[in-house]
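Undergrad: next come a sequence and a model predicted from it.
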Amino acid sequence: MVDEKDTVLKNSDDKVTDELNYENNLDKAIADDSDRALIKRILELLEDAKAEEIVLIEAQHRSSLADYLLICEGRSQLHCRGIAENVENNLKREGEASLGIEGEREGNWVLLDYGNIILHVFHPEIRKYYRLEELYEQGPGQNSTKVSMTSE
């Protein structure tokens, strides 16, 4: 389960802007109720699958593809595939099938498309190479926020 005390809302400069708990941070960052509910569920599933370095980026001012990007990593290709399968299988069983999956066979970068929300599951080396967080921080728009899952 997500540790609410260790989750903070950060701006694009990675400075802590709000130290409220996890629920309040997501409520502030995500206006749409259905998006918020789906993101919360995905975060729970990522935590259950032991995903690491989980970040949520508000991208609606920077991308026409999705409003939110969830980015995380697994320790190996097998772990990345397992994380993606855990999310996909549980959400499908709950009636929330993805619009598409890419990269599941290879397991270096698995993308799950849920319309307004895109989940990227990276192998750590691939994540360092593509640096999606940096790309979205440098793009146009002033309202980029991230909700980072941090542990002390």
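TA: That came through, no problem.

Undergrad: quick check: R105 is in a helix.
TA: No - with DSSP: H, G, I helix; E, B strand; the rest coil as the criterion, R105 is assigned coil and is not in a helix.

Undergrad: give me the neighbour count for it.
TA: By the criterion of other C-beta atoms under 10 Å, R105 has 10 neighbours. From N, CA and C alone the C-beta is placed, and that goes for glycine too.

Undergrad: please renumber so the chain begins at 212
TA: In the new numbering, first residue 212, that becomes R316.

Undergrad: state the distance from it to L289.
TA: 12 Å (C-beta to C-beta, to the nearest Å).

Undergrad: just A262 next, same as before
TA: Counting by C-beta to C-beta, the gap from A262 to L289 is 13 Å.

Undergrad: more neighbours: which of the two?
TA: A262 (28 against 10).

Undergrad: tell me where this protein has strands.
TA: 218-222, 227-229, 263-269, 279-284, 311-313, 320-324, 328-333, 356-360 (DSSP state E).

Undergrad: which neighbouring elements make contact with the longest one?
TA: For strand 263-269, the packing partners by 3 or more C-beta pairs under 8 Å, 6 or more residues apart in numbering; DSSP states H and E come out as helix 244-259, strand 279-284, helix 343-349, strand 356-360.

Undergrad: which one of the ones you listed lies closest to E305?
TA: helix 244-259 (7.5 Å; C-beta to C-beta).

Undergrad: return the set of buried residues in that closest one.
TA: In terms of neighbour count (16 or more other C-beta atoms under 10 Å), helix 244-259 has its buried residues at D246, R247, L249, I250, K251, I253, L254, L256, L257.
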